[in-house]
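Peer 1: This is the structure alone, sequence omitted:
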């Protein structure tokens, strides 16, 4: 009986330790490496966030450059959060998750996308619509398998 209980406890602990709750690209700086997701829309450039203006959403800490941007995000996070959790749009289309850099951002049809680096962004820009369609199909499985 004790062995069975210990086995069940061990399985539960292993499962808890290996389950990842965030489907968002994060670093020690937070979601999308600490950049202000709203800033891409409002300022048209990458703006570093400040941990004094942060919130938890979708399993990650999101930082913003101002209280105004924080409140805009909290009111409608889906409007500002990057697609595919901030992972590389091209990589997602190709069936894998890759980290991103803030200077690779693009807004397409009101949605924020990132890429791995400028070379990958250049490839992605050649057929954004096609890659977005592929990434949209791949994202649910990638998110579930994370």
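Peer 2: On my side now, so go ahead. Predicted model, so just to flag it, every value in this text is computed and none were measured.
Peer 1: Phi, psi for the residue nearest to the spatial centre of the chain please.
Peer 2: Central residue of the chain (C-alpha atoms, centre = their mean): residue 85, 2.3 Å from the mean position. With angles defined as degrees, to the nearest 10, residue 85 sits at phi 70, psi 10.
Peer 1: do the same with residue 58
Peer 2: phi 60, psi 40.
Peer 1: which ones are touching it?
Peer 2: Shown in contact with residue 58 (C-beta atoms under 8 Å, 6 or more residues apart in numbering): 22-24, 31, 77, 81, 85. The way it works is simple: take the backbone N, C-alpha and C, and place the C-beta from them, glycine included.
Peer 1: for the record, mean pLDDT for stretch 128-139?
Peer 2: Across stretch 128-139, pLDDT averages out at 98.
Peer 1: Which positions within it qualify as buried?
Peer 2: Judged by neighbour count using 16 or more other C-beta atoms under 10 Å, the buried positions of stretch 128-139 are 128, 131-132, 134-135, 138-139.
Peer 1: coming back round to it: hmm, which of the contacts of residue 58 is lowest in pLDDT?
Peer 2: Out of the contacts of residue 58, that is residue 22, at 63.
Peer 1: Please, which helix or strand holds the spatially closest residue to residue 56 that is not a sequence neighbour?
Peer 2: Using C-beta to C-beta, 6 or more residues apart in numbering and skipping the chain neighbours, the partner closest in space to residue 56 is residue 62 (7.6 Å). Counting by DSSP states H and E, the element that carries residue 62 is strand 60-64.
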